[in-house]
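Asker: This is the structure alone, sequence omitted:
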């Protein structure tokens, strides 16, 4: 990105994070928006702050959530036991977080789920789905080894999470934009194996 844009990225956030408006977890695939100007950066950051950005993820989770659609509202904070992890905490601790989920396809001992974020917290989808008893397959932190043999068989070594849809209002033209990224081959292979 630095090479491609050759000095034409927003300086907000400093030299270490040129153009970066938001993040996705390490080993999560999918869409990111990057700002090329400070004006665009400020406009996009404001939309993330007021939760008007549309973000949808596809996840492969252990088990079949019941009900097949729902709303998870649970505050999140760094775990006291392990600072590398995020945990569900009781208010007023932590940061308010809301995830809406719906099952797209039941699978063998698993399900393909769409998660829509109302807020955007670190590890939000991963922690919220694990909190309701349906951790993401392949997740080394929150996955609890569910269907580990299938993941090993396929060489699948990351959480089964993909940022599929990203929608926002263009910070300059005000045009409503929406982008979609197809589920990548490694997750497709996992789905094919679990449909058998």
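Answerer: Yep, it's here. No experiment lies behind these values; they were computed from the predicted model shown.
Asker: what about the nearest residue to residue 144 once chain neighbours are set aside, neighbour count?
Answerer: Nearest residue to residue 144 in three dimensions, chain neighbours excluded: residue 135, at 5.5 Å (Cβ to Cβ, 6 or more residues apart in numbering). Quick note: C-beta positions are derived from backbone N, CA and C, even for glycine. Neighbourhood size, residue 135 [other Cβ atoms under 10 Å]: 25.
Asker: How about residue 187?
Answerer: Neighbour number of residue 187 under other Cβ under 10 Å is 23.
Asker: which helices and strands does the helix or strand hosting it pack with?
Answerer: Using DSSP states H and E, residue 187 maps to helix 185-195. When contacts are defined as 3 or more Cβ pairs under 8 Å, 6 or more residues apart in numbering; DSSP states H and E, helix 185-195 sits against strand 54-62, strand 98-107, helix 148-154.
Asker: Could I get the buried residue list for the shortest one?
Answerer: Using 16 or more other Cβ atoms under 10 Å as the burial criterion, the residues of helix 148-154 that qualify are 150, 151.
Asker: after that helix comes which helix or strand?
Answerer: strand 161-169.
Asker: Leaving out chain neighbours, which residue sits closest to residue 70?
Answerer: Per Cβ to Cβ, 6+ apart, closest to residue 70 is residue 101, 6.0 Å.
Asker: and the one you found, bridged to which residues?
Answerer: When bridges are taken as DSSP bridges, the partners of residue 101 come out as residue 70, residue 115.
Asker: wait, residue 151 sits on residue 138?
Answerer: Yes - contact criterion Cβ atoms under 8 Å: residue 151 and residue 138 qualify, at 4.9 Å.
Asker: Buried ones in stretch 55-64, by neighbour count?
Answerer: Neighbour-count burial for stretch 55-64 [16+ other Cβ under 10 Å]: 55, 56, 57, 58, 59, 60, 61, 62, 63.
Asker: so how far is it from its chain's centroid?
Answerer: 10 Å (Cα atoms, centre = their mean, to the nearest Å).
Asker: And for stretch 7-22?
Answerer: 21 Å.
Asker: which outside residues touch it?
Answerer: 1-2, 5, 32-38, 40-42, 44-45, 48, 53, 120 (Cβ atoms under 8 Å, 6 or more residues apart in numbering).
Asker: Quick check: end-to-end length of that stretch?
Answerer: 19 Å (Cα to Cα, to the nearest Å).
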